[in-house]
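K.L.:
this one's sequence-less:
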């Protein structure tokens, strides 16, 4: 069955009715027309290699076959990138452009076993290795003479890094560290590529020297022979098994039994161990947070890509799917004509823009703070840490919810793996736990917020910009009257966040006065603390989205400007309605204000209806990257669903052998 090269009529009409230039929107999202062209050229260059093509869809392969296919694709991908590096004399940007965006997921849809080599192994050496260590290891890693991964999480400990049990004990007689996994729970668990792909690993372990423990430090450990790839003596390594998603990532476990490594395999840019075993502390232990913050900032951008793909699939499908009758004498409408369907979809479209602008904003902040760290200025590091924690938590939770909402918006067909929505959900929901479980991340932010509240009591002028709003509430000023505008709603979210933080502080102090120690008082208040962090993050996202959009649309055409501002309004009003309980508790919003918000929201769903397909077309995601029977550009979902169904190995023969082996004897009573 061959797909015709024709666009579905309903989908084409949606495009014809769009009120703005889709190309202009794409250029605005990418940065400018030149960046759009560069992205398109990169996509064309990579996809024409055909690495993404699969004779049999990977979903029909065994677990072992999926990994082997992922390795084959990964090697072909990196050979291609290395060739491009030599031809174009480019730096790391080609690697990151392919690995860190949607393009990489088009080739390795269920995970890349070499990703951590570039995302964690190399950045950690660059951030925590000495100049000499960087000179030795980066060249080997960059040229793929070795393949590395990063092992921090253990079977018994994850986000609580200080609880890790793996030990690295210095032996001054041989000038070596001896690594051990003293318990089953101390085995490293989860690192991508660890099981059968990597031959080197950065291991986070408790450092012991001269009889004293100095906490967690990074060590480069060789796991496998560089020639035979056999595990070295004392190395116990393997794969952890099948998962909800990312089954090509080759997540592994790792244990040590008296594994010796040279002294200079400890990354010593910050802390050091001298030859005689003397420990030299880092100027500031917080310098080691850099790699984790880098990854958390990158995760926010990744979530944008997933939401954009999911909402593109669901919106296009909603334009071509006709079902039910609104009025008895009229034909079945497009399901996007139902207000409830637009309610499911449009918040996702707005979320892409909100998180993309927030991602760019925190990325700029990350670069500025990193530059300040190099000069010894650590003042803004706690603020960045708090922001990266809560943005990671909120963006991943929202992405998981959005992908699932889009799947449900596609009805039964969304349940098909060929829609790509179930597979996508397996990938985004994983992000809710890796690089810091979301509840723990929110509580990390809460510690900064509580500290800021106490600072505001003493002197609100000392607060950093992202928490300066706390000073207005902590100082006891009267609640301002509710302002039912976008600016007023955003201010209301700041009031809610400050109010929640204040309630938490009061609860902790009250419980301490009742006899609880601070730690127990904190734990008893932790549900409210996590909620306060989420409120803080919502306020920042809303404010950033509004402010950055105002700046970006200055150069846009009037038609595009109008639509982008409508999206901001929709996003802000949606969250106001979603958090009505908080607004009613902490602000002076009235029932009449709520009624106006509801009408405003429903009006926006109607106004944006005509541009829904144009807005997702503006994300400019190629069919090869979407990899969805439901969401292809031509809208021929039913033809593509049938074509994908025929790829099932069960359809290769009219009668399966199980009929003769089991069904026929059963039906003839011969069992």
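P.N.:
Yes, it's here. Predicted model, so just to flag it, every value in this text is computed and none were measured.
K.L.:
and the strands in this protein?
P.N.:
Assigned by DSSP state E, the strands in the chain fall at 148-151, 167-171, 176-180, 188-189, 200-209, 212-222, 235-239, 252-256, 259-262, 272-273, 279-280.
K.L.:
which other residues reach the first one?
P.N.:
The reference is to strand 148-151. 116-117, 120-122, 124, 141, 188, 191-194, 197-204, 220, 254 (C-beta atoms under 8 Å, 6 or more residues apart in numbering). The way it works is simple: take the backbone N, C-alpha and C, and place the C-beta from them, glycine included.
K.L.:
the last one too?
P.N.:
Applying C-beta under 8 Å, 6+ apart, the external contacts of strand 279-280 come out as 207, 209, 210, 212, 214, 271, 272, 273, 274.
K.L.:
swap in 7 Å and give it another go.
P.N.:
Taking contacts as C-beta atoms under 7 Å, 6 or more residues apart in numbering, the residues outside strand 279-280 that touch it are 209, 214, 271, 272, 273, 274.
K.L.:
show me where pLDDT drops low in the protein?
P.N.:
1-5, 88-101, 283-292, 374, 460, 474-478, 671 (pLDDT under 70).
K.L.:
could you chop it up by domain?
P.N.:
According to automatic domain parsing, the chain is divided into the following domains: 23-112, 147-282, 291-616.
K.L.:
and the first one, end to end?
P.N.:
The reference is to domain 23-112. End-to-end span of domain 23-112 (C-alpha to C-alpha, to the nearest Å): 31 Å.
K.L.:
what of the second one?
P.N.:
End-to-end distance of domain 147-282: 28 Å, with C-alpha to C-alpha as the criterion.
K.L.:
skipping its backbone neighbours, what lies nearest the residue nearest the centre of the chain in space?
P.N.:
Residue closest to the average C-alpha location in the chain (C-alpha atoms, centre = their mean): residue 299, at 3.4 Å. Closest residue in space to residue 299, ignoring its immediate chain neighbours: residue 392 at 5.3 Å, by C-beta to C-beta, 6 or more residues apart in numbering.
K.L.:
next: residue 386.
P.N.:
residue 448 (3.7 Å).
K.L.:
residue 548 too?
P.N.:
Using C-beta to C-beta, 6+ apart, the closest residue to residue 548 is residue 357 (4.1 Å).
K.L.:
what about the one you found, distance to residue 438?
P.N.:
Residue 357 sits 21 Å away from residue 438 when distances are taken as C-beta to C-beta, to the nearest Å.
K.L.:
could you give the number of residues near residue 164?
P.N.:
Number of residues near residue 164 (other C-beta atoms under 10 Å) recorded here: 23.
K.L.:
and residue 545, by the same measure?
P.N.:
24.
K.L.:
so it touches residue 571, yeah?
P.N.:
Yes: with contact defined as C-beta atoms under 7 Å, residue 545 reaches residue 571; the gap is 6.3 Å.
K.L.:
now do the shared contacts for the two.
P.N.:
Contacts common to residue 545 and residue 571, judged by C-beta under 7 Å, 6+ apart, are residue 354.
K.L.:
hang on, isn't the residue nearest to residue 299 packed against residue 439?
P.N.:
No: under the criterion of C-beta under 7 Å, residue 392 makes no contact with residue 439, lying 11.9 Å away.
K.L.:
picking that back up, now, which of the contacts of strand 279-280 sits nearest residue 342?
P.N.:
The nearest member of these to residue 342, counting by C-beta to C-beta, is residue 271 at 54.8 Å.
K.L.:
skipping adjacent residues, who's closest to the closest one in space?
P.N.:
Looking at residue 271 with C-beta to C-beta, 6+ apart, the closest residue is residue 282, at 4.4 Å.
K.L.:
now swap in residue 616 and tell me
P.N.:
That would be residue 312: by C-beta to C-beta, 6+ apart, it lies 4.2 Å from residue 616.
K.L.:
give me the number of residues near that neighbour?
P.N.:
29.
K.L.:
ok, it to residue 102 distance?
P.N.:
Residue 312 is 11 Å from residue 102, where distance means C-beta to C-beta.
K.L.:
intersection of neighbour lists for these two?
P.N.:
With C-beta under 7 Å, 6+ apart, residue 312 and residue 102 have common neighbours residue 621.
K.L.:
wait, doesn't residue 36 sit right on residue 25?
P.N.:
No: applying C-beta under 7 Å, one finds residue 36 not in contact with residue 25, separated by 10.3 Å.
K.L.:
more neighbours, these two?
P.N.:
Using other C-beta under 10 Å as the criterion, residue 36 and residue 25 rank with residue 25 on top: 24 against 17.
K.L.:
give the contact list for the more buried one.
P.N.:
Going by C-beta under 7 Å, 6+ apart, residue 25 touches 560, 618.
K.L.:
same question for residue 255.
P.N.:
If you count contacts by C-beta under 7 Å, 6+ apart, residue 255 has them with 181, 187, 236.
K.L.:
just the buried members of the residues you listed?
P.N.:
181, 187 (16 or more other C-beta atoms under 10 Å).
K.L.:
redo the contacts of residue 255 as JSON lines? Include distance to residue 159.
P.N.:
As requested, the contacts of residue 255 are exported to JSON lines (distance: C-beta to C-beta, whole Å):
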{"residue": "181", "distance to residue 159": "20"}
{"residue": "187", "distance to residue 159": "17"}
{"residue": "236", "distance to residue 159": "24"}
